[in-house]
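1. whatever this is, show me its structure:
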Amino acid sequence: MKRTKVIDALKLKGESQTITVAGWVRTHRSSKAVDFIALNDGSTINNIQVVVDPATIDADLLRQVTTGSCISATGLLVDSPASGQSVELQCQELQLFGPCPSDYPMQKKGQSFEYMRQHAHMRLRTNTFGCVMRIRHNMAIAIHRYFHEHGFYYFHTPLITASDCEGAGQMFQVTTKNLYDLKKDEEGKIIYDDDFFGKQTSLTVSGQLEGELGATALGAIYTFGPTFRAENSNTPRHLAEFWMIEPEVAFIDLNDLMDLEEDFIKYCVRWALDNCADDLAFLNKMVDKTLLQRLNSVVSEEFVRLPYTEGIKILEQAVVNGHKFEFPVQWGMDLASEHERFLVEEHFKKPVIMTDYPKDIKAFYMKINDDDRTVQGTDVLFPQIGEIIGGSVREESYDKLIAEINRRNIPMKDMWWYLDTRKYGTCPHGGFGLGFERLILFVTGMQNIRDVIPFPRTPKTAEF
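-> Numbering: from 1, shown residues only. Just a heads-up that it's a prediction; the model follows:
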């Protein structure tokens, strides 16, 4: 069977050419004179209408063509007299691949996202999730294209690691040991000598530290892969398994880094607008009626560049003016999402790149400013999302990095290889991390991060 995808069939002229389409039935309307079947194969948000003369197709077969069933239809593609579609298929032959009984969980319209999460293996067939997954694909393509066009090398960092990049300690352990019979030393600590790697290892929370090795050899690299955090955070913004994009660049300063962050994210949003128009139009209509306006504003406006100290002053003035925040505002605090969104959505009404954070709330590897209080960190803050990118210029001085490690009492016994980047031919460098799902949240207008990844991994949830 030579099949024509629905997306391609809808682009053809109705010149009475014979084609075959195949997919899943969205709706089937029957009458004595004619049947209308809306067919979708996942290649586009748009359905193709299959028009059936019930006198030409076996009645028992036609009765089995229910919502969710899988069929193929062969017939003449002709101009459609109906509004909203340019062509339709006048069916000559119908084949049923898979009938769909009435307990099909995606049969009813208007199901909640919470309901659909319980049927994540089937929700992908709905219009909304088809849009999200096609946009997710396009964003992955845009990311690779951007970095390739700008001279970055795709660099694969390990998923199994003995280092904790952020010092959070909330990592998923990887082991081949028998958990029912663990060997322990006199102090009660687990002995890992007989484990697969001979030491305690975990799933990575970030590829940044290894990415710095790549940047100091290849000049500019990026990672794009899964990362894992064992945070017991049951919120619409957190996943235990998610994807990260982490470029790392040698010979870059703070202004260059902010330029890269802004240019990269604008490229991705522009790609979505140019290549996902139908899907975005559907989401703009059904999920978030301000989506297209927000996406267009991001690519057309310059991002605000705001030092942390100035941002705190703005928030403090907002409190004086009567704005109520759940969390108090004071210098030295790590901004909550409500603070970030106030700056972006209410004060500036455009994306903000916040810089120069207090060193005590940021990671040990960030370059400390001359004031010895702040670091050259950058967070890109977006409407509805809050922080979407976190980055920094890295501290390239071996002595200064060691001093900060000692000040924080960070165990570095397994990190000798990272310190070697500062010991042997150190160079100025920096980079950022972008949570892929946060980008997809913004581009789709969806409200829950569990709805922009096919199979979400969250506390107590590892189905499918």
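2. what lines up beside the strand of greatest length in the chain in the sheet?
-> As assigned by DSSP state E, the longest strand anywhere in the chain is strand 15-29. Under the criterion DSSP bridges, strand 15-29 sits next to strand 35-40 (antiparallel), strand 70-79 (antiparallel) in its sheet.
3. what's the following helix or strand after the first one?
-> Okay, so that is strand 35-40. strand 48-52 (DSSP states H and E).
4. tell me what that next one is packed against?
-> strand 35-40, strand 70-79, strand 87-98 (3 or more C-beta pairs under 8 Å, 6 or more residues apart in numbering; DSSP states H and E). (Glycine included, C-beta is placed from N, CA and C.)
5. deepest in the core, which of the ones you listed is it.
-> strand 35-40 (a mean of 20; mean count of other C-beta atoms under 10 Å).
6. and that strand with strand 87-98, angle?
-> Angle of strand 35-40 versus strand 87-98, following axes from the mean of the first three to the mean of the last three C-alpha atoms, to 10 degrees, is 80 degrees.
7. so what pLDDT did C165 get?
-> Note on C165: pLDDT of 49.
8. N409 too?
-> 89.
9. number of residues surrounding it?
-> N409 sits with 6 neighbouring residues when counted by other C-beta atoms under 10 Å.
10. please apply the same query to H148.
-> Other residues within reach of H148 by the criterion other C-beta under 10 Å amount to 12.
11. return the backbone torsion pair for it.
-> phi -60, psi -40 (degrees, to the nearest 10).
12. how close does it sit to G42?
-> 27 Å (C-beta to C-beta, to the nearest Å).
13. quick one on the thing from earlier: so which of the helices and strands packed on strand 48-52 is nearest N255?
-> strand 35-40 (47.4 Å; C-beta to C-beta).
14. got any ranges where the protein has weak pLDDT?
-> In the predicted model of the chain, residues 1, 164-169 satisfy pLDDT under 70.
15. let's see 80
-> Residues of the chain that meet the criterion pLDDT under 80 lie in 1, 14-16, 82-84, 108-110, 163-169, 412-414.
16. so which residues of it form helices?
-> 6-9, 59-63, 113-117, 120-123, 127-149, 208-218, 254-275, 277-286, 291-300, 308-320, 337-341, 398-408, 416-423, 436-444 (DSSP state H).
17. out of the ones you listed, which one sits most buried?
-> It is helix 436-444: most buried of the helices of the chain by mean count of other C-beta under 10 Å, with a mean of 24.
18. between that one and helix 127-149, how many degrees?
-> Going by the same axes, to 10 degrees, helix 436-444 makes 110 degrees with helix 127-149.
19. use 49 as the first number from now on
-> Yes, from this point I'll number from 49; that puts the last item at helix 484-492.
20. what residues does helix 484-492 touch?
-> By C-beta atoms under 8 Å, 6 or more residues apart in numbering, the surrounding residues in contact with helix 484-492 are 179-180, 183-184, 187-188, 191, 272, 285, 287, 290-293, 313, 316-317, 320, 328, 331, 335, 339, 343, 430, 432-433, 435-436, 494-495, 497, 500-501.
21. strands of the stretch 149-298 of the chain, start to end?
-> 201-202, 208-209, 221-222, 249-251, 268-276, 289-298 (DSSP state E, counting those that start in this stretch).
22. want to throw those strands into a markdown table with distance to I85 and mean neighbour count?
-> Listed next are the strands of the stretch 149-298 of the chain as a markdown table, based on distance: least, C-beta to C-beta, whole Å; neighbours: other C-beta atoms under 10 Å:
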| stretch | distance to I85 | mean neighbour count |
| --- | --- | --- |
| strand 201-202 | 43 | 14 |
| strand 208-209 | 49 | 16 |
| strand 221-222 | 49 | 16 |
| strand 249-251 | 46 | 20 |
| strand 268-276 | 39 | 21 |
| strand 289-298 | 37 | 23 |
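23. can you redo these as a markdown table with distance to V400?
-> Formatted as a markdown table, the strands of the stretch 149-298 of the chain follow (distance: least, C-beta to C-beta, whole Å):
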| stretch | distance to V400 |
| --- | --- |
| strand 201-202 | 29 |
| strand 208-209 | 32 |
| strand 221-222 | 37 |
| strand 249-251 | 32 |
| strand 268-276 | 24 |
| strand 289-298 | 20 |
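24. skipping adjacent residues, who's closest to H167 in space?
-> Spatial nearest neighbour of H167, excluding adjacent residues (C-beta to C-beta, 6 or more residues apart in numbering): P153 at 4.4 Å.
25. surely that neighbour meets A168?
-> No - using C-beta atoms under 8 Å, P153 is not in contact with A168, being 10.4 Å away.
26. can I get the helices and strands packed on strand 96-100 in CSV with distance to H371?
-> As requested, the helices and strands packed on strand 96-100 are arranged in CSV below (distance: least, C-beta to C-beta, whole Å):
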stretch, distance to H371
strand 83-88, 46
strand 118-127, 54
strand 135-146, 54
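27. follow-up on the earlier one: which one of the helices of the chain lies closest to D242?
-> Among the helices of the chain, the nearest to D242 by C-beta to C-beta is helix 464-471 (23.7 Å).
28. just the CA trace of that closest one, in CSV.
-> The C-alpha trace of helix 464-471 is given here as CSV (Å, rounded to 0.1, in the frame of the first residue of the first chain):
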residue,chain,number,x,y,z
TRP,A,464,39.9,16.2,40.2
TRP,A,465,39.3,16.1,36.4
TYR,A,466,37.1,19.2,36.6
LEU,A,467,39.8,21.2,38.5
ASP,A,468,42.3,20.1,35.8
THR,A,469,40.5,22.5,33.3
ARG,A,470,41.7,25.4,35.5
LYS,A,471,45.2,23.9,36.2
